[in-house]
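Colleague: Coordinates for the following, if possible.
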Amino acid sequence: MRSATLWQTFIPTKTSNTLWDVLYGVLGAAHESQQHATAADVVRAYRGLLDRANGAVAARIRADLATGRRLLEEIPPAPVLQAELRRLRDDDLLPSR
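Modeller: Alright, predicted model coming up:
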């Protein structure tokens, strides 16, 4: 069973949306405080979840990454964050501008 099916089966949509909002909020907080390691962790989490997601869950993750692109690019460069962004680009998961 794919993760998206698990999300849809066991976690109500409202709760699921709240979880995505919180994950995106952590990305925003990492941006504001320039925490490159935290931003890299969020990107890694999105990537790992997207590997297992489909349908609405995958669409939400892709939308969050598209919206969060500016935040990610404004955080000062650090090897850990740059490596995660490179993985997103290599996997065609980070939308072009």
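
Colleague: and Val80, how many neighbours does it have?
Modeller: Using other Cβ atoms under 10 Å, Val80 has 15 neighbouring residues. (Glycine included, C-beta is placed from N, CA and C.)

Colleague: which secondary structure element contains the residue positioned nearest the centre of the chain?
Modeller: The chain has Tyr46 as the residue nearest its centroid, 3.3 Å off, counting by Cα atoms, centre = their mean. Element membership for Tyr46, per DSSP states H and E: helix 36-50.

Colleague: and the next element down the chain from that helix?
Modeller: Following helix 36-50 in sequence, per DSSP H and E, is helix 55-74.

Colleague: residues in contact with the next helix or strand after that following helix?
Modeller: Using DSSP H and E, the helix or strand that follows helix 55-74 towards the C-terminus is helix 79-90. Applying Cβ atoms under 8 Å, 6 or more residues apart in numbering, the external contacts of helix 79-90 come out as 36-37, 39-40, 43-44, 47, 65, 72, 75, 94.

Colleague: repeat for stretch 23-41
Modeller: 42, 45-46, 64, 67-68, 71-72, 74-78, 80-81, 83-84.

Colleague: 10 Å - rerun?
Modeller: 42-43, 45-46, 49, 60-61, 63-65, 67-68, 70-85 (Cβ atoms under 10 Å, 6 or more residues apart in numbering).

Colleague: Make a ChimeraX selection of whichever of the residues you listed turn out to be buried.
Modeller: Here is the ChimeraX selection string for the buried members of the contacts of stretch 23-41, based on 16 or more other Cβ atoms under 10 Å:
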select :42,43,46,49,60,61,64,65,68,71,72,75,81,84,85
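
Colleague: Brilliant, that's me finished.
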